[in-house]
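S.K.: here is my input, please return the structure:
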Amino acid sequence: MARKILLALLVLVAVLLVVIQTRPDTFHVERSAVIHAPADVVFARIEDFRKWPDWSPWEKLDPAMQRTFSGADKGVGAIYAWKGNDKVGEGRMTILEAAAPAKLALRLEFLKPFQSTNATTFELAPADGGTRVRWAMDGPMNFMSKAMCLVMDMDKQVGGDFEKGLAALDQVAQADARTAAVPDTTTAATQ
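M.R.: You can find the predicted model right below:
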C-alpha cells in the first residue's frame, strides 16, 4: 500500500514538473487608457522619475522608501533606484529610449525580494479627448516564476497596479494641462 502511494506521489510530482516546464518562457502585462491631456504633457510626467511619486501606484506602499536619482535628469540615461519595505522591495529603473512624445522604454530591475529584469514601455498616441497611453511590461519566466504563476496570475497581479497608475496619471496630467493653459500674468505685468 505504501509503495502505491509513493508511486502515485511520484507520478503527480512528475506531471506537475512537466506542466510547469511547458508554461510560457515570457510574460506580458499591458493596460491602456485615455489620458485627458496632450501627449507632451503626459510624456513630461513619465520621462521624469522625480514626478513618478505623484502617480505611480507603488510609491504609496512605503512612505519611508529610500529613493535615489542619478544619470540624466530625465529621458535617456535617467536612473531611479529604490529600497523599501517588503511591499516595494529594492530595484532600479533606467530609461533606455525617449522618443517624445510617443514612446518611453525602460529597463526595470528588481533586486529584492527576487531578482529579475523586465522591459517596460509607454506608448502614447492621439485619442479622442486626449492621449491613449499603453503601458506594457515584458519579462522572462524561469522555472520558479512558472511554478508561482500556477497559483498567481502575473497579469492580475500587475495589471491592477497599471490601471491605478494610469488613473492617477490622468489626474495629474489634467492638472498639468490646466496649469499650462493659464497665461503667465506676472511676466506681462512687469513689462
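S.K.: okay, CA-based contacts and neighbour counts for the rest of this
M.R.: Noted.
S.K.: and the lengthiest helix in the chain, how far from the chain's centre?
M.R.: Criterion DSSP state H: the longest helix present in the chain is helix 154-181. Distance, stretch centre to chain centre, for helix 154-181: 11 Å (Cα atoms, centre = their mean, to the nearest Å).
S.K.: quick one: list the elements packing against it.
M.R.: strand 26-35, helix 39-46 (3 or more Cα pairs under 8 Å, 6 or more residues apart in numbering; DSSP states H and E).
S.K.: just checking, next helix/strand downstream of the last one?
M.R.: Scanning forward in sequence from helix 39-46 by DSSP states H and E, the next helix or strand is strand 66-71.
S.K.: now that following strand: buried residues?
M.R.: Buried residues in strand 66-71, defined by neighbour count with 16 or more other Cα atoms under 10 Å: residue 69.
S.K.: which is the next helix or strand following it?
M.R.: strand 78-83.
S.K.: so for that next one, mean pLDDT?
M.R.: Across strand 78-83, the average pLDDT comes to 97.
S.K.: could you give the angle of that strand to strand 66-71?
M.R.: Between strand 78-83 and strand 66-71, the angle comes out at 160 degrees (axes from the mean of the first three to the mean of the last three Cα atoms, to 10 degrees).
S.K.: packing partners of strand 78-83?
M.R.: strand 66-71, strand 90-99.
S.K.: columns mean pLDDT and distance to residue 78 on top of these, output as a markdown table?
M.R.: Output for those, formatted as a markdown table (pLDDT from 0 to 100; distance: least, Cα to Cα, whole Å):
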| stretch | mean pLDDT | distance to residue 78 |
| --- | --- | --- |
| strand 66-71 | 96 | 5 |
| strand 90-99 | 97 | 6 |
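S.K.: for residue 135, which residues are in contact?
M.R.: 30-32, 120-123, 162 (Cα atoms under 8 Å, 6 or more residues apart in numbering).
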